[in-house]
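1. Sharing a model prediction with you, sequence too.
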Amino acid sequence: MKIIPLAPATEPLLDPDLVWNGQFGDLATTAIDDPINPGGLRATQALATAILICLMTDARADETELRDGDINRGWPGDSFDRDADEPPLGSRLWLLRRRALTPDVEILAEDYTRAALQTLIDQGAVARFDVRAAADRARSTLVLTIVGYGRDGSQVHDQKYAVLWEQLNGVSDPLA
């Protein structure tokens, strides 16, 4: 995924916004009484949408990271639609989904999140991210707090993302 700036004189063509409800992402729509695009797709949150795609798209893992019986995931486009210098899309957060919510998992989640978001820093969309992961064991949820900063040091993004957890407690995988 690359953010390619358009010439200032052209009208921007923005990708539709994605929103995250804690379980899945969906396209965002405008209000029915919107004066410009009534009931259409909303396209006002390019950075938030790019962050959501980076986090919630599964990145392919190294074979050594897989447990017995795990099937490697990853966005299929990485195998044919990627420039040589472009990193793969997504995060390896999915590798943590069946592990107990321990402090070690929180640290790994922060590392995986930073790695997934690095492409946005490399492209100049933001200067840096602060990332914090906190386990909510009672809800079997890992909460990622992501704050992004622009090149001028101003805060340009502040969002919490809840990643539902699947521990070995009989909960089936809703995506299986």
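-> Okay, I see it.
2. quick one: low-confidence parts of the chain?
-> Counting by pLDDT under 70, the chain shows low-confidence ranges at 1-15, 21-24, 75-83, 164-176.
3. redo that, cut-off 90
-> Low-confidence segments of the chain (pLDDT under 90): 1-90, 94-102, 123-125, 135-143, 160-176.
4. In it, which helix is the longest?
-> The longest helix of the chain (DSSP state H) is helix 103-122.
5. could you point out which element follows that one?
-> strand 128-136 (DSSP states H and E).
6. Restricting to C-alpha, output that following strand in PDB.
-> Presented in PDB, the C-alpha positions along strand 128-136 are these (Å, rounded to 0.1, in the frame of the first residue of the first chain):
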ATOM      1  CA  ARG A 128       6.200   8.800  14.300                       C
ATOM      2  CA  PHE A 129       3.700   6.700  16.200                       C
ATOM      3  CA  ASP A 130       3.400   6.000  19.900                       C
ATOM      4  CA  VAL A 131       2.000   2.500  20.500                       C
ATOM      5  CA  ARG A 132       0.700   0.900  23.700                       C
ATOM      6  CA  ALA A 133      -0.900  -2.500  24.100                       C
ATOM      7  CA  ALA A 134      -2.900  -3.300  27.200                       C
ATOM      8  CA  ALA A 135      -4.700  -6.600  27.900                       C
ATOM      9  CA  ASP A 136      -8.300  -6.600  29.100                       C
END
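7. Please identify the pairing partners of it and their relative orientation?
-> Applying DSSP bridges, strand 128-136 is found paired with strand 141-149 (antiparallel).
8. what comes up buried for the partner strand?
-> Across strand 141-149, burial judged by 16 or more other Cβ atoms under 10 Å covers 142-144, 146, 148-149. For glycine as for every other residue, the C-beta is placed from the backbone atoms N, C-alpha and C.
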